[in-house]
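J.: 3D, please:
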Amino acid sequence: MSSQARILRCLLLLLPFYPFLCSVEARADYHLNNVLSIIEELEGHDPGLTILNVTPALGGLRTSDQDYHHLLLGETTEPLASLQLLSEDQRSFITSVMNHDVDASAERGVVLTPDGTTIAVGHLIAGIEAGLKRVVDLRRPDVVGDLPAPVDNLYALTLAKDIGLAIVAYHLNKSQVLLGPDGCWDNVTSPQVFTALGPWSPITNAVVNGGMDGLILGNLLTELQAPLPKLSALLRDYYGEGQGWMGLKANRRRKNFEAIVDLGVLTSQVISAVYLYNHTGNNAILQNLNHNILRNISQQGVKQFHQSYIVCPAIIPRCMWVAKPYKGVPVNLTLPLRFVYIHHTHEPSQPCTTFYQCAADMRSMQRFHQEDRKWDDIGYSFVAGSDGYIYEGRGWLWQGAHTKGQNSKGYGVSFIGDYTSELPDQAVMKLVKESFLRCAVIGKRIIGDYVIQGHRQYRPTTCPGERLFNEIKTWAAFKEVELSNGTTAGL
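T.: Numbering: from 1, shown residues only. I've put the predicted structure just below:
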């Protein structure tokens, strides 16, 4: 939609009632769909433009680390004249999303994707461009002497350099966080400003998401034979609701990343990328850091990266499903806990398969719990959707209202849907059973010999549904509840 059309719509619909809501200049939403629409328009202007032309044209809009990118990709031969086919507003928007920056007020160069996560666009495009120009054994003794390992430009342009800079910064300044954080959009329908949820590092969640996606897609394109897909088609399939390009989907990025990345290789690439970046006009990076120190801190940092972004599942924060505030003052839990209580929502009765469906279900449950049951907040600690994500309810620190009499002893984890006669999707059960629980142990949220139990073991209810309850009874951590008369409860 053009700027003029946006302004006209705003005036017609809102101005008679809320004149202060309409600004003179409408701004584009920072949603991936807007990026893809502009790329599609660019491709439509010139049918001769392919992914081989479009990605370096977009890459040419970078305004930082140009020497580093040129060293790894070579000087681009793609003229930026094709971008002149776009309007001034479109070029300005695309330039803004191609350049990542973060400070206390906002994180820029990021967009909201249809699956509810946020990505750094520049890292995504850099990965795709590197995949099309893959060099896995780049040796530049003329630049920095013999590098610790030959540079793979796909690793170096997506994540390795940023992980390395975050590790070095953390080592030199312990008050800074090593990884993250995630953040919040001011509006998930019309996203404009993305703000970090806490102190930020050089590698935020958005950078990790964009870098992972770029590495996954770049790796695919390395081996893909012609004809190559249009860039817009590749990204719509990857981030959309279908099967994905070659079966790859954004909501499975952590598992797909794990399948192709070896931690030892990642560590060596982190070290080499820091050496390379240090040479390209950033000579202070390695000051007072010898190779042994860099190797040791890189090993520790990559291990933490592995735990945070591969072992642990992605959790959609409260702000992203537009949670209402907690009523009153939350009661903090005393960690670690011993129990995890499994629920199903029963209502909503159907699994949610997209971010917007799951977010709507979360709001519906919170509204029911707060308004009908008069609770302070949604009762569950966490909720698992069938879209590949876990949603934050009361979270790790606040006591829930999920299993009466047991709320201070454990987390309540619910699956969206009614699982009386069928099971949740296998992938979402594995997400909870393996990734979520393993992450909770690593983070010292629950003890190593935690106990899994069903809601019905403590209350006269069918929750978590007959089929799901029979399933969790097969999980190694499941335990029955022994009553004082020697019988078992809720079975």
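J.: separation between Thr353 and Gly417?
T.: As for Thr353, its distance to Gly417 is 10 Å (criterion: CB to CB, to the nearest Å). C-beta coordinates here come from the backbone N, C-alpha and C atoms, glycine included.
J.: Have a look at these two and say which one is more surrounded.
T.: The residue with more neighbours, out of Thr353 and Gly417, is Gly417; 26 against 15, by other CB atoms under 10 Å.
J.: Name the helix or strand for the more buried one, please.
T.: Gly417 belongs to no helix or strand when assigned by DSSP states H and E.
J.: One more: Phe339?
T.: Per DSSP H and E: strand 337-344 holds Phe339.
J.: now do Gly395
T.: Per DSSP H and E, there is no helix or strand for Gly395.
J.: give the contact list for it.
T.: Taking CB atoms under 8 Å, 6 or more residues apart in numbering, we find Gly395 in contact with Arg318, Ser381, Phe382.
J.: tell me the contacts of the second one?
T.: I take that to be Ser381. Ser381 sits next to Gly393, Arg394, Gly395, Trp396, Trp398, Gly400, His402, Tyr411, Gly412, Val413 when contact means CB under 8 Å, 6+ apart.
J.: Could you check what's spatially nearest to Leu289, not counting adjacent residues?
T.: Leaving aside its sequence neighbours, Leu289 sits nearest to Val168 (CB to CB, 6 or more residues apart in numbering; 6.7 Å).
J.: Arg459: neighbouring residues, count only.
T.: Neighbours of Arg459 (other CB under 10 Å): 15.
J.: Ser408 contacts Leu333, doesn't it?
T.: Yes. Between Ser408 and Leu333 a contact is recorded at 6.8 Å, counting by CB atoms under 8 Å.
J.: so what sits against both of these two?
T.: What both Ser408 and Leu333 touch, as defined by CB under 8 Å, 6+ apart, is the set Gln399.
J.: who's more crowded, those two?
T.: Taking neighbours as other CB under 10 Å, Ser408 and Leu333 compare with Leu333 leading, 21 against 13.
J.: ok, for that one, nearest residue in space, not its chain neighbours?
T.: The nearest residue in space to Leu333 (CB to CB, 6+ apart) is Gln399, at 5.3 Å.
J.: How about the contacts made by Val432?
T.: Going by CB under 8 Å, 6+ apart, Val432 touches Ala384, Ile390, Val413, Phe415.
J.: still on that earlier bit, wait, the residue nearest to Leu333 touches Thr334, no?
T.: No. Using CB under 8 Å, Gln399 is not in contact with Thr334, being 9.3 Å away.
J.: between the two, who's got more neighbours?
T.: More crowded of Gln399 and Thr334, by other CB under 10 Å: Gln399, with 18 against 8.
J.: where in the chain is pLDDT low?
T.: 1-27, 76-79, 138-147, 175, 282-283, 482-491 (pLDDT under 70).
J.: swap the cut-off to 50 and go again
T.: Regions of the chain meeting the criterion pLDDT under 50 cover residues 1-25, 141, 484-487, 490-491.
J.: so what are the domain limits for it?
T.: The record assigns the chain these domain ranges, following automatic domain parsing: 1-28, 31-311, 318-472.
J.: if we can go back for a sec, which residues are common contacts for Gln399 and Thr334?
T.: Ser408.
J.: Give me the neighbour count for Thr63.
T.: By the criterion of other CB under 10 Å, Thr63 has 9 neighbours.
J.: quick one: it is in a helix?
T.: No. Counting by DSSP: H, G, I helix; E, B strand; the rest coil, Thr63 is not part of a helix but coil.
J.: can you pull the contacts of the nearest residue to it once chain neighbours are set aside?
T.: Leaving aside its chain neighbours, Thr63 sits nearest to Asn99 (5.4 Å; criterion: CB to CB, 6+ apart). For Asn99, the contacting residues are Leu61, Arg62, Thr63, Ser64, Arg108, Gly109, Gly122, by CB under 8 Å, 6+ apart.
J.: My understanding was that Ala169 contacts Trp200; is that so?
T.: No. Shown here, Ala169 and Trp200 do not form a contact pair, counting by CB under 8 Å, at 10.7 Å.
J.: neighbour-wise, which of those two wins?
T.: Using other CB under 10 Å, the more surrounded residue of Ala169 and Trp200 is Trp200, with 23 against 16.
J.: In this model Leu179 seems to touch that one, though I could be wrong.
T.: No. Judged on CB under 8 Å, Trp200 makes no contact with Leu179 at a distance of 9.7 Å.
J.: quick one on the thing from earlier: the strand holding Phe339 - contacts with which helices or strands?
T.: strand 410-415, strand 446-454, helix 466-472 (3 or more CB pairs under 8 Å, 6 or more residues apart in numbering; DSSP states H and E).
J.: for the ones you listed, which one ends up most surrounded?
T.: Comparing those by mean neighbour count (mean count of other CB atoms under 10 Å), strand 410-415 ranks first with a mean of 25.
J.: how about the strands in the stretch 101-250 of the chain?
T.: According to DSSP state E, counting those that start in this stretch, the stretch 101-250 of the chain carries its strands in the segments 101-102, 107-108, 110-112, 118-120, 183-185, 194-196.
J.: So what are the sheet partners of the fifth one and their directions?
T.: Based on DSSP bridges, the pairing partners of strand 183-185 within the sheet are strand 194-196 (antiparallel).
J.: What residues of the lengthiest helix in the chain count as buried?
T.: Assignment by DSSP state H gives helix 205-223 as the longest helix of the chain. Within helix 205-223, the residues that qualify as buried are 205-221, counting by 16 or more other CB atoms under 10 Å.
J.: helices or strands next to it in the packing?
T.: strand 118-120, helix 121-132, helix 153-155, helix 231-239, helix 253-260.
J.: need those in JSON lines with distance to Ile293 and mean neighbour count, can you?
T.: Below are the helices and strands packed on helix 205-223 laid out as JSON lines (distance: least, CB to CB, whole Å; neighbours: other CB atoms under 10 Å):
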{"stretch": "strand 118-120", "distance to Ile293": "28", "mean neighbour count": "28"}
{"stretch": "helix 121-132", "distance to Ile293": "27", "mean neighbour count": "27"}
{"stretch": "helix 153-155", "distance to Ile293": "21", "mean neighbour count": "28"}
{"stretch": "helix 231-239", "distance to Ile293": "38", "mean neighbour count": "21"}
{"stretch": "helix 253-260", "distance to Ile293": "27", "mean neighbour count": "17"}
